[in-house]
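Visitor: Got a sequence here, can you build the structure:
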Amino acid sequence: MASLRVSLPLLFLLMILGAFGTEWSVKYNQQEICAVKGSTVIMNGTFTHPKDLTVNETFWIIDPVKDVEPNDLSNDPVYSGRVEFFTDEQKHFSLKLSDVMKKDEHQFCFRIKRNEEKERWLGFPGVQLRVTELHVEAPEEVTEGETADLTCKTTCSLTDPTFIWYKDGHPLTTKTIKNNQLHLQTVSSEDAGSYSCAVRGSQHLRSTAHSLRVRYPPKSVTVSISPSGEIVEGSSVTLTCNSDGNPLAKIYTWLKGSTPVGEGKTYSIPKIRSEDSGEYTCQSRNEHGERRSTAVKINVLYPPKRVSVSISPSGEIVEGSSVNLTCSSDGNPPVKNNTWFKGSTPVGEGKTYSIPKIRSEDSGEYTCQSRNDHGERRSNAVKINVLYPPKRVSVSISPSGEIVEGSSMNLTCKSDANPPVKNYTWFKGSTSLGEGETYSIPKIRSEDSGEYTCQSRNDHGERRSNAVKINVLYPPKRVSVSISPSGEIVEGSSVNLTCSSDGNPPVKNYTWFKGSTPVGEGKTYSIPKIRSEDSGEYTCQSRNDHGERRSNAVKINVLYPPKRVSVSISPSGEIVEGSSMNLTCKSDANPPVKNYTWFKGSTSLGEGETYSIPNITSEYSGQYTCQSRNDLGERRSNAVKINVLYPPKNVSVSISPSGEIVEGSSVTLTCSSDANPPVKNYTWLKEGGTSPVGSGQNYSIISITADHSGLYYCEAQNDHGALRSAGVPVSSKGYPVILYVALGVGLCFIFFVFLTAVLWRYQRRINEVIIINFKSSLNPE
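Guide: From the prediction side, this is the model:
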């Protein structure tokens, strides 16, 4: 700090001057100022001077030195731009110093000057400026729950300061502030942070921040589980402990319920088991204390285990009582399904399997299979042994199980008696069979089935066992088939065949055969809308666990009206006029056809299975049908067409033009005939000639002459023969030609009439023969 060294003579001089110039004076409002580094300081006061003097200049100086004229502070480069001087007419003066620095710690004096050298005045001593920085004085670390005081320190005394405190850059408003101290009554972990202080009015000039650390025991202790989601037995699970403490927790203790299970920040359970289910907590500890987390629940999912069956009521099980089997198991999630087995056969569902009125047949080994979403497990078998009242007199059958016809069987009587049983007497129904503890039946038969009892006797009485039923098993026998409805079976009706048999156990399977071909299964074989094809011999084969047997065959005879009525022609092939032909009617009918009726078109021809036509003529061509009839109906066949082939007949020649033939004109002869198949060839002949004169159905003579006159013939031919027409005269003379033509036509007419009469008589004779033959076939006797 700079100081002013003044010698005694100088002080004396100043005193003299003060004594003789009382009108000179400088008064400072403050002789000493403490300012915060970086702030602005104002120094002020008042002065006086003799009235007859005029002040030319006033300024401020620092640290005056003897015999050295001080410099105006405003001219000092160190203070350039930082100082301002103020005076007024009332002789007030002031100095404003900005951005105060530590090197500004000087004595500031006010200087008054006139033109004359001796007329000047220095206000000494001046104002001593002290510059201080703010810093926080506090402990580095404090324990939660203790008291802490933070002090805002200065190197000099500020004038009536108001201190402002900051935590982490934010002003504090809720803490107790006393003078330059911040008092933390009961420190908590929330009080940890960076603290600084400032003076009101210079809030921007804060102290260097001081970091306060709070030591506290663990808090916010939490446990996380990995992996998240469902935890299945056999998987690996890791529990991680997280906590907030200062210093950090050093010791982590894991507890399941109240039992410690491990140490460390992480607790791992490889291959987790159902026994690991429970509530887990983590206890964190440092040197200031400890805290336990909220419990997390581990729920280990696993398939059923420890599956067991209990029987109620316990003790002996007497026939006729009720028994409940209860399935108990440990599974997570709880068991969804319980399935009960007797041996390997499922018998029920549910936690409890009840057998009301238990029977001896219910004896056996029972197990319960429990199932949840993660698997299933079956219990050990529990054996149900049903006792027979009264006094447990019972009969056992050997060998146990099914009794098959032809095997040997022993009945053994067991009873609870004291003294032991002396006599055993066996009964079938009420008939006494024999004595002894064992009753044997070699080669047992179905007739041996029945109820057997054993009467046990000692000195004090007797008691008969409950009857045991001997059920002799045997393959089907007496297998028979019945038909419904009985009586005639008509096509289109419904028929049921029912199989009956005696078998023990009852027949399981029925197989139906038509001949040797299997056609169906089941006790009843139904044929809806029966058809003729269903006729035949049917058998039923019955089968149970001990064998099979087939019934005698029953015959189904389906009755139906004629069907598939058809006509066959004999001989086959072409039918030529003059040959013989038989039409035979065939049909399928049951009962057989009684009547056959023949039709040509719609005309009835006759009766009988065969219709014969000897020496057939072309007039028999046409369509023939046969109608078959039995007791159930009738049906007509499709028509067969009879096409009688014959050689040409009725061969005739016509002349065109008709009338007189004038020499030089043209004449055309045309040949006509009736033939089947139609005529293939026409040949023209002239009487007296040695060779044909033409061919074709027409023969033309162009420019006729006398040489062309004569008789002309036409010969018609097909595959079955040829026929020549009567001669037709051709003449170029007028009337002779006409005469010849007329004569030829007349002769042809007479021939045609004669031929028609002959044929009519011949046809009538043939019809009489056919009718006689047909009646003979109907009445062979």
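Visitor: which non-adjacent residue is nearest Lys477?
Guide: Residue nearest to Lys477 in three dimensions, not counting chain neighbours: Asp502, with 5.3 Å by C-beta to C-beta, 6 or more residues apart in numbering. The C-beta positions use only the backbone N, C-alpha and C, and glycine is treated the same way.
Visitor: In this structure that neighbour contacts Arg478, no?
Guide: Yes. Under the criterion of C-beta atoms under 8 Å, Asp502 makes contact with Arg478 at 4.7 Å.
Visitor: so where's the longest strand in this structure?
Guide: strand 210-226 (DSSP state E).
Visitor: pLDDT of that one, averaged?
Guide: Across strand 210-226, the average pLDDT comes to 92.
Visitor: which is the next helix or strand following it?
Guide: The helix or strand immediately downstream of strand 210-226 is strand 231-232, counting by DSSP states H and E.
Visitor: Packing partners of the helix or strand that that next one is followed by?
Guide: Downstream of strand 231-232, the next assigned helix or strand under DSSP H and E is strand 237-246. With contacts taken as 3 or more C-beta pairs under 8 Å, 6 or more residues apart in numbering; DSSP states H and E, strand 237-246 sits against strand 210-226, strand 251-256, strand 266-269, strand 278-286.
Visitor: Dump these to TSV, plus distance to Arg445 and mean neighbour count.
Guide: Formatted as TSV, the helices and strands packed on strand 237-246 follow (distance: least, C-beta to C-beta, whole Å; neighbours: other C-beta atoms under 10 Å):
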stretch	distance to Arg445	mean neighbour count
strand 210-226	74	17
strand 251-256	72	18
strand 266-269	70	16
strand 278-286	69	21
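Visitor: With respect to His708, which of those lies nearest?
Guide: His708 lies closest to strand 210-226 among the helices and strands packed on strand 237-246, at 136.0 Å (C-beta to C-beta).
Visitor: which helices and strands does the longest strand of the chain pack with?
Guide: strand 141-143, strand 148-153, strand 193-199, strand 237-246, strand 278-286, strand 289-292, strand 296-298.
Visitor: who does that strand pair up with?
Guide: Strand 210-226 has its sheet partners listed here by DSSP bridges as strand 141-143 (parallel), strand 193-199 (antiparallel), strand 237-246 (antiparallel).
Visitor: Just put those strands in TSV and tack on mean pLDDT.
Guide: Output for the strands paired with strand 210-226, formatted as TSV (pLDDT from 0 to 100):
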stretch	mean pLDDT
strand 141-143	91
strand 193-199	92
strand 237-246	92
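Visitor: right, and the ones you listed - which one's nearest Glu437?
Guide: Taking the strands paired with strand 210-226 one by one with C-beta to C-beta, strand 237-246 is closest: 65.2 Å.
Visitor: Next, the buried residues of that closest one.
Guide: Going by neighbour count (16 or more other C-beta atoms under 10 Å), the buried part of strand 237-246 is Val237, Leu239, Thr240, Cys241, Ser243, Asp244, Gly245, Asn246.
Visitor: Could you verify that Gln128 is part of a helix?
Guide: No. Counting by DSSP: H, G, I helix; E, B strand; the rest coil, Gln128 is not found in a helix; it is strand.
Visitor: Leaving out sequence neighbours, find the closest residue to it.
Guide: Of all residues not flanking Gln128 in the chain, Glu32 sits nearest, at 4.6 Å (C-beta to C-beta, 6+ apart).
Visitor: Ser535 now?
Guide: Using C-beta to C-beta, 6+ apart, the closest residue to Ser535 is Val558 (4.5 Å).
Visitor: Show the contacting residues for the one you found.
Guide: Ile489, Val490, Glu491, Ile530, Arg531, Ser532, Asp534, Ser535, Asn590 (C-beta atoms under 8 Å, 6 or more residues apart in numbering).
Visitor: quick check, nearest of the residues you listed to Ser542?
Guide: After measuring these against Ser542 - C-beta to C-beta - the closest member comes out as Asp534, at 21.8 Å.
Visitor: and Tyr439, how many neighbours?
Guide: Look at Tyr439: counted by other C-beta atoms under 10 Å, it has 21 neighbours.
Visitor: For it, pull up the helix or strand it's in.
Guide: Going by DSSP H and E, Tyr439 is in strand 438-441.
Visitor: hmm, back to that, so what strands line up beside the host helix or strand of the residue nearest to Lys477?
Guide: If you go by DSSP H and E, Asp502 is part of strand 495-504. Here strand 495-504 has these sheet partners by DSSP bridges: strand 472-484 (antiparallel), strand 524-527 (antiparallel).
Visitor: Dump that strand to PDB, restricted to CA.
Guide: Taking Å, rounded to 0.1, in the frame of the first residue of the first chain, the C-alpha atoms of strand 495-504 are listed here in PDB:
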ATOM      1  CA  VAL A 495     -84.000-102.800 -47.000                       C
ATOM      2  CA  ASN A 496     -82.200-103.200 -43.700                       C
ATOM      3  CA  LEU A 497     -80.100-106.200 -42.800                       C
ATOM      4  CA  THR A 498     -79.600-106.600 -39.000                       C
ATOM      5  CA  CYS A 499     -76.900-108.800 -37.500                       C
ATOM      6  CA  SER A 500     -77.500-110.600 -34.300                       C
ATOM      7  CA  SER A 501     -75.000-112.600 -32.300                       C
ATOM      8  CA  ASP A 502     -74.100-113.900 -28.900                       C
ATOM      9  CA  GLY A 503     -70.600-112.800 -27.800                       C
ATOM     10  CA  ASN A 504     -68.900-111.800 -24.600                       C
END
